[in-house]
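[1] no sequence on this one, just coordinates:
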């Protein structure tokens, strides 16, 4: 799929090549305009994970890779249009054979859980407002009883990538905790790429590597810090705070509370504890 003899990278081969635009446009979550800020395949995967986009994306990527290899050896291949339906069929077949396990996992992961009584849990999330060239960050800190210690909503300039937004929020979350003087914390977000990088100390993701280093430096000042990944359903308060940032260009912090319009979202987490 390379053009004019240019060396082809993974992002071009599996996603950004103009010949694949018809395939990726079959789902608006994946089309080239929706993910136009993606600059590497690793960033693309991080974007997909961060936004919890349609999981059919991954079997399609695998099928594209296999199709490319088959074409190189002259093996007969189906059309690009067939890959989409084939990927959905594979995902449906997998789900049928794993219904029990999937249901159990969803029950476990689809609700917010409090930390133990010796720690405070910090949930964080980001939101993109590309039309306004800005992003929103949201942070909420709660104790072992689920009570809010502080919450934050802030509008920031639009970073280059989604993963940078998540990293900036995590850094701001730890700064907020420092200001409140909590020392034993759990940092929890729905970006698996970022949480994995923080757990492993990876420096391979150049787009946010310097921010991850800042986060680890801040974390070194606490007596105990751990990182956990959850699905978006378990991170709704932080997500709502991030979305709220579009309403004001100023930093807003609420001590032992959340904005009035988010009380129902907070109460939903309390109900999940019953």
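    Perfect, I can see it now. Remember, predicted model here, so these are calculated numbers, not experimental data.

[2] going forward, measure contacts between C-alpha atoms and count neighbours the same way
    Will do.

[3] tally of neighbours for residue 243?
    Residue 243: 22 surrounding residues under other Cα atoms under 10 Å.

[4] tell me the gap between the helix or strand harbouring it and the middle of its chain.
    Assigned by DSSP states H and E, residue 243 belongs to helix 236-244. Its chain's C-alpha centre and that of helix 236-244 lie 13 Å apart, by Cα atoms, centre = their mean, to the nearest Å.

[5] and the angle for the helix or strand that residue 135 is a member of with helix 236-244?
    Using DSSP H and E, residue 135 falls within strand 134-142. Counting by axes from the mean of the first three to the mean of the last three Cα atoms, to 10 degrees, strand 134-142 points 150 degrees away from the direction of helix 236-244.

[6] could you point out which element follows strand 134-142?
    Following strand 134-142 in sequence, per DSSP H and E, is strand 148-157.

[7] helices and strands around that following strand, which ones?
    Judged by 3 or more Cα pairs under 8 Å, 6 or more residues apart in numbering; DSSP states H and E, the packing partners of strand 148-157 are strand 134-142, helix 236-244, strand 252-255.

[8] and that strand, what's its mean pLDDT?
    Average pLDDT, strand 148-157: 96.

[9] what pairs with it, parallel or antiparallel?
    Strand pairing for strand 148-157, determined by DSSP bridges: strand 134-142 (antiparallel), strand 252-255 (antiparallel).

[10] need the residues that contact it.
    133-143, 241-242, 244-246, 248-258 (Cα atoms under 8 Å, 6 or more residues apart in numbering).

[11] if we use 7 Å, what do you get?
    For strand 148-157, the external contacting residues (Cα atoms under 7 Å, 6 or more residues apart in numbering) are 133-142, 241-242, 244-246, 249-258.

[12] so what's the gap between the strand holding residue 135 and the chain middle?
    13 Å.

[13] flag every buried residue along that strand.
    The neighbour-count check on strand 134-142 (16 or more other Cα atoms under 10 Å) flags 134, 135, 136, 137, 138, 139, 140, 141, 142 as buried.

[14] now tell me what touches stretch 220-237 from outside.
    So stretch 220-237 is in contact with 109-112, 123, 183-192, 195, 199, 219, 265-266, going by Cα under 7 Å, 6+ apart.

[15] filter the residues you listed down to the ones in strands?
    Among those, the ones falling in strands (DSSP state E) are 123, 184, 185, 186, 187, 188, 189.

[16] how much space between the closest residue to residue 41 other than its chain neighbours and residue 148?
    Nearest residue to residue 41, sequence neighbours excluded (Cα to Cα, 6 or more residues apart in numbering): residue 11, at 4.5 Å. Using Cα to Cα, to the nearest Å, we find residue 11 at a distance of 42 Å from residue 148.

[17] so for these two, which sits in the more crowded spot?
    More neighbours surround residue 148 than the other of residue 11 and residue 148, with 20 against 16 (other Cα under 10 Å).

[18] which stretch among the helices and strands packed on strand 148-157 comes nearest residue 167?
    Among the helices and strands packed on strand 148-157, the nearest to residue 167 by Cα to Cα is strand 134-142 (10.2 Å).

[19] quick one: the closest one to strand 184-189, angle?
    140 degrees.

[20] let me see the mean pLDDT of the strand or helix carrying residue 214.
    Using DSSP H and E, residue 214 sits in helix 209-219. The pLDDT scores in helix 209-219 average 89.

[21] in it, what's buried?
    Result for helix 209-219 [16+ other Cα under 10 Å]: buried residues 209, 211, 212, 213, 214, 215, 216, 219.

[22] go on, stretch 187-207?
    Applying 16+ other Cα under 10 Å to stretch 187-207 flags 187-195, 197-198, 205, 207 as buried.

[23] rank these by pLDDT and give me only the lowest.
    For the buried residues of stretch 187-207, the pLDDT minimum is residue 205, 51.

[24] how about residues contacting the helix or strand encompassing residue 179?
    Per DSSP H and E: residue 179 is located in helix 162-180. Helix 162-180 is contacted from outside by 46-47, 124-126, 137, 139, 159, 191, 194, 207-208, 211-212, 215, 218, using Cα under 7 Å, 6+ apart.
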